[in-house]
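Participant: I would like to see how this sequence folds:
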Amino acid sequence: MAKIDSLFPILNADSGARPLAGLARVATDAPLDSSGYLIEYRPLKSRSILSKVSSKRGMPFTHAINPYRGCEFGCRYCYARYTHEFLEMRDPEEFERKIFFKQNAAWLLTQELKRLKPGTHIAIGTATDPYQPLERRQMLTRSMLEVLTQASGFTLGIVTKSALVARDIDLLQQIRERNRLTVHLTVTTMNTRLARILEPRAPRPDLRIQTLARLRAAGLRAGILCSPLMPGINDSRSSMAAVARAASAAGACFFAAGPLFLKPCSLPTFFAFVKKHFPEQLPAYEKRYSGSAFVSPAYRKRVAELVDSVCKEFKLGRRYAEGLGESEKPTPAVTMQPWLPFEGI
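Facilitator: Next up, the predicted model:
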C-alpha cells in the first residue's frame, strides 16, 4: 500500500513541538472519518453547538450555530479562516482542506435551547456554510432543523451558498409556523467565470437563484446577500444590478450587500487571488487593507447608496423587515431566464 502523508501534519509526532491543549488537542485526537480530493473529514467532540456572539460589527443576532468547522467551498475572501487558528492550524488553506463536523449537534442544541429566552436571534452559518458538501452525508444541519421544528418564538436566519438548502423545505416550513425565519442566499456575482475563481467549489450563481425561487414558491422568506462587495471586482452598480435583477425575477423578499471585511488571516489567500486575476488592483488593496480589516466610512456610504438605488430600481425589500406577512406568501410561478456571464466587472 502506498505511503500517503496525512493532510494533518500536526498529528505527526514532533518532540520539539509544544504540547497542545483544549480544542487543538481535541482536533488532533479526532479520527479520520473519510476523505475527498485533498480534503479530510473528521468528527469533533463538542460541548456546545450554540455560541454567544460578541462582535464590534453590530450583528443583529446574539447567538450562532455552526455545525461544521472549516468550509470546503474555498471562497477566496472568507473571513472565517481564523477559526482554524484555535486548532493551531495557521495555514489559511487548511480551513478548506481539513473539515470537522461536530458530534451530537442535535442533542446539544436541544439542551441549549432550553436556556434561551423567546425572541432570541439565532444565525445558522456565520463561520462556515451549513450546507457545504459534507452535509449531504452527515446531515447535521437537517438534524438541528428537526430540533427547531419543536421550538417556538425564536428569530432564525440561515446563510448559505448551496442549493442543498432546498432539500429541507419541509422542515423550514414547519419552523416558520412558530418562529420568524429568513433564508439568505449569498450571490456575489452573476458572472459564472468570476464566481468560479472567487468561490471555486460553491454552486454556480444561477443555481443559487433557482434555489431562491424554490424557497419563495414554498412560502418562505428568502432573499439575496450580494456580499462581500470587493473594490474593482464586483462593486460596480452594473454588477450589483445584475444580481438584483436575478433576485427580483426569482421573487426575492430582499436584497442586501456590504463591503469586504478582510481579517489578517484572510489576507494571504485573497491577495494571492487578486495578484493572479486582478493584478492592477493589488496595490490599492494592499493600501486599503494592510492597516485595517474595514473599508473607509466614505466607501461604506457609497456602497449603501448603490444598494439603495438597485433596491428601488428592482423593487426589492430590506433584509431586516419588521413585518413578514406579505413577504412570506408564496410567489407566482417564476419563469427563470438564462443567466449570461456579465462582462466588464
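Participant: List the buried residues in the helix or strand containing residue 247.
Facilitator: Applying DSSP states H and E as the criterion places residue 247 in helix 237-249. For helix 237-249, the neighbour count (16 or more other Cβ atoms under 10 Å) marks 239, 240, 241, 242, 243, 244, 245, 246, 247, 248, 249 as buried. Quick note: C-beta positions are derived from backbone N, CA and C, even for glycine.
Participant: What distance separates the opening and closing residues of stretch 94-105?
Facilitator: End-to-end distance for stretch 94-105: 23 Å, by Cα to Cα, to the nearest Å.
Participant: List the contacts of it.
Facilitator: Stretch 94-105 is contacted by residues 7-8, 27, 30, 33, 38-46, 49, 67-74, 78, 80-81, 83-84, 87, 89, 108, 132, 134, 138, 140, 143-144, 201 when judged by Cβ atoms under 8 Å, 6 or more residues apart in numbering.
Participant: rerun at 7 Å
Facilitator: The set of residues external to stretch 94-105 that reach it, using Cβ atoms under 7 Å, 6 or more residues apart in numbering, is 7-8, 27, 30, 38-46, 49, 67-72, 74, 81, 84, 89, 134, 138, 140, 143-144.
Participant: Just the buried residues from the residues you listed, in PyMOL please.
Facilitator: Of the contacts of stretch 94-105, the buried ones go into a single PyMOL selection, burial set by 16+ other Cβ under 10 Å:
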select buried, resi 8+27+30+39+40+41+42+44+46+49+67+68+69+70+71+72+74+81+84+89+134+138+140+143+144
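Participant: Narrow the contacts of stretch 94-105 to those in strands?
Facilitator: Mapping the contacts of stretch 94-105 onto strands (DSSP state E) picks out 39, 40, 41, 42, 43, 44, 68, 69.
Participant: Scan the protein for its longest helix.
Facilitator: Counting by DSSP state H, the longest helix found in the chain is helix 297-313.
Participant: Which positions within that helix qualify as buried?
Facilitator: So for helix 297-313, counting by 16+ other Cβ under 10 Å, buried means 299, 302, 303, 306, 307, 310, 311.
Participant: which residue ranges form the strands in this protein?
Facilitator: Here the chain has its strands, by DSSP E, at 34-36, 39-44, 50-52, 63-65, 68-69, 98-102, 121-124, 155-160, 180-186, 222-225, 255-256.
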